[in-house]
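Chemist: quick one: sequence plus predicted model below, questions after.
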Amino acid sequence: KQEVTQIPAALSVPEGENLVLNCSFTDSAIYNLQWFRQDPGKGLTSLLLIQSSQREQTSGRLNASLDKSSGRSTLYIAASQPGDSATYLCAGITNAGKSTFGDGTTLTVKP
Amino acid sequence: EAGVAQSPRYKIIEKRQSVAFWCNPISGHATLYWYQQILGQGPKLLIQFQNNGVVDDSQLPKDRFSAERLKGVDSTLKIQPAKLEDSAVYLCASSLGPRGRGNTIYFGEGSWLTVV
């Protein structure tokens, strides 16, 4: 059974800092790894999806990497801004589309 | 492109009552998911449909929860009778299909349920 862990559960940084969020998964047979952002009272917004044949994806100030052999993915946020404050969740997705989510890392970026 | 639509956004019911949530996925998306998200936790998959067939309902409490997807488009999730521990956000999501980039999952805003 797939288990996904995100550490730390919460992170507070000053504005402008570069930061890394971690995601670990137990079953390397995932097909895709997807990162999401969730604002309070809202649904999840897709940030990046990394296919199993890829090692990383980039979108603006965000860069996500995937290392299936070690069961890890990281989300790198460059030059953090207060608007980046949210909960970030990762999900491992199987070939059949079944997803397993971590509990998220709540990020606070202080002005 | 319209996103995943859900209703109602908020619902308060008493325990032992019933409630139903509705979801309209992104047009053309074959796969539809219902998740339960308890405060402070990640979403937990309740049921996954591929078109109008059930792919995975292993974590659906079938004694009280039911879901259907009529004609492979809209879906409803029903809880009857509700328990206090059912208080959560019920998230609907969809994707084009299970393979490759079609696996990108898109979420609705969620339906917030409070059972008192």
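Modeler: Arrived safely, thanks for sending.
Chemist: check contacts around residue 6.
Modeler: You didn't pick a chain, so chain A it is. Contacts for A:Q6 (C-beta atoms under 8 Å, 6 or more residues apart in numbering or on different chains) come out as A:L21, A:N22, A:C23, A:S24, A:Y88, A:L89, A:C90, A:G102, A:D103, A:G104, A:T105. Quick note: C-beta positions are derived from backbone N, CA and C, even for glycine.
Chemist: meant chain B actually
Modeler: Neighbouring residues of B:Q6 by C-beta under 8 Å, 6+ apart: B:F21, B:W22, B:C23, B:N24, B:Y90, B:L91, B:C92, B:G108, B:E109, B:G110, B:S111.
Chemist: please tell me how far the fifth one sits from B:K78.
Modeler: Distance of B:Y90 to B:K78, computed by C-beta to C-beta, to the nearest Å: 11 Å.
Chemist: when these two are compared, which one has more neighbours?
Modeler: The neighbour count for B:Y90 versus B:K78, taken as other C-beta atoms under 10 Å in any protein chain shown, is higher for B:Y90 (24 against 14).
Chemist: three-state assignment of the more buried one?
Modeler: Here B:Y90 takes the strand state, with states given by DSSP: H, G, I helix; E, B strand; the rest coil.
Chemist: list the contacts for it?
Modeler: Residues near B:Y90 by C-beta under 8 Å, 6+ apart: B:Q6, B:F21, B:W34, B:Y35, B:Q36, B:Q37, B:L46, B:L77, B:G110, B:S111, B:L113.
Chemist: I appreciate the help and will end here.
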